[in-house]
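*Asks:* Turn this into a structure:
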Amino acid sequence: MKSRSQDQSLSDSRELDRSYDPLTGSEIDESEQSIVRYRPEGLDRLVQKTNFNKKELQILYRGFKNVSECLIPECPTGAVNEETFKGIYAQFFPLGDSNMYAHFLFEAFDTHNNGAVNFEDFVVSLSIILRGSITDKLNWAFNMYDLNKDGCITREEMTNIMHSIYDMMGKYTYPCMKDDTPKDHVDSFFQKMDKNNDGVVTIEEFLETCQKDENIIQSMHMFDNVI
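*Replies:* Below you'll find the model as predicted:
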């Protein structure tokens, strides 16, 4: 019987020579080794960086890896570019145009601003969305709405977000939405959030208002038990 140290040594060596994938717990054949450009961090590191355990990370990685390989079989790099991300997202909203909203969401997931979402990008953001604290979730949402990342949300940015949401939902929603509905939502957002009426919403204003709104807090818990 091999000792624990021998098993660990074998696993470490296979991971180092890229012949073993610790997140799926499987061997990588030679053809895949030659084309895969990217390998995610080890399980222990990802457990520390997220609120997922090892088993959950393995399940998430298998799904992420399978999707990326199915959609870009000619180059399964383990990372998803924006066009592929948009293609995935469009499948969930077939009656509308999710293109612009998916663009905004992709930029929020692409934390390194390199035009690709790898498994770490994906799972760290997913951990915040599903299991982060209320403050972490609100900070993540603010970062997504702050399209140019200058530390505040303008009317133009929120208008673009609202139009992208309604485009994604499509024309066949019930009840039917009026053309001025996005503008009404933007007006309501700024009336509630813009405390000093300077035309922009800062992170401080956003957090203060959201943390006092029971409906917003309840919505933050909507996906707590998804995984």
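
*Asks:* For the rest of this, base every contact and every neighbour count on C-alpha atoms.
*Replies:* OK.

*Asks:* Now do the strands in this structure.
*Replies:* Here the chain has its strands, by DSSP state E, at 20-21, 26-27, 79-81, 116-118, 152-154, 200-202.

*Asks:* possible to save those as JSON lines with mean neighbour count and mean pLDDT?
*Replies:* As requested, the strands of the chain are arranged in JSON lines below (neighbours: other C-alpha atoms under 10 Å; pLDDT from 0 to 100):
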{"stretch": "strand 20-21", "mean neighbour count": "18", "mean pLDDT": "53"}
{"stretch": "strand 26-27", "mean neighbour count": "12", "mean pLDDT": "54"}
{"stretch": "strand 79-81", "mean neighbour count": "23", "mean pLDDT": "86"}
{"stretch": "strand 116-118", "mean neighbour count": "22", "mean pLDDT": "90"}
{"stretch": "strand 152-154", "mean neighbour count": "22", "mean pLDDT": "98"}
{"stretch": "strand 200-202", "mean neighbour count": "21", "mean pLDDT": "98"}
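
*Asks:* G151 is in contact with T202, isn't it?
*Replies:* Yes: between G151 and T202 a contact is recorded at 6.5 Å, counting by C-alpha atoms under 8 Å.

*Asks:* pLDDT score for E41?
*Replies:* E41 is assigned a predicted lDDT (pLDDT) of 61.

*Asks:* circling back to that earlier point, nearest to A90, out of the strands of the chain?
*Replies:* For the strands of the chain, proximity to A90 was assessed by C-alpha to C-alpha; strand 79-81 is nearest, at 14.4 Å.
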